[in-house]
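> This is the structure alone, sequence omitted:
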């Protein structure tokens, strides 16, 4: 019986660890796919101008890509996972001075109801630039 429990514990650990790694890999694949046409500039900002944002792509529970006018995009990695963000993929935010900053929060919007989900804090904004078509390989 002791060996059976030990074997079951080992199997559970193996399955749990592998599913966690596969979920992590899937998350990295989504992020890489979203950033395919962009290159990291190495610049990080605390705030971005809301008037420059033309679209927002929720990648998963922890990453949001704010696409700006011109050739820029801003990747925001939330400090912690935001429940249902990656499933709902819709957010709302309120700004007071026309800028969205790392001290602000976003709210998850539920698609199938009129209810709002959790509020989640933003992180800093990593600056990306679109790769010109002729440079893509």
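Thanks, I have the structure now. Because the structure is predicted, anything quoted here is derived from the model rather than measured. Residues are numbered from 1 along each chain as shown.

> Around the closest residue to residue 94 other than its chain neighbours, how many other residues sit close by?
Leaving aside its chain neighbours, residue 94 sits nearest to residue 104 (7.8 Å; criterion: CB to CB, 6 or more residues apart in numbering). The way it works is simple: take the backbone N, C-alpha and C, and place the C-beta from them, glycine included. Residue 104 has 15 neighbours, counted by other CB atoms under 10 Å.

> From residue 93, how far out is residue 104?
For residue 104, the distance to residue 93 (CB to CB, to the nearest Å) stands at 6 Å.

> One more: residue 132?
When residue 132 is compared with residue 93 (using CB to CB), they lie 31 Å apart.

> More neighbours: which of those two?
residue 93 (14 against 9).

> Distance check, the more buried one against residue 40.
24 Å.

> Can you pull out the residues in contact with the strand ranked longest in the chain?
Secondary structure of the chain per DSSP state E: the longest strand is strand 38-45. With contact meaning CB atoms under 8 Å, 6 or more residues apart in numbering, strand 38-45 is reached by 73, 74, 124, 125, 126, 127, 128, 129, 130, 131.

> isn't the residue nearest to residue 94 right next to residue 122, touching?
Yes: at 5.4 Å, residue 104 counts as touching residue 122 under the criterion of CB atoms under 8 Å.
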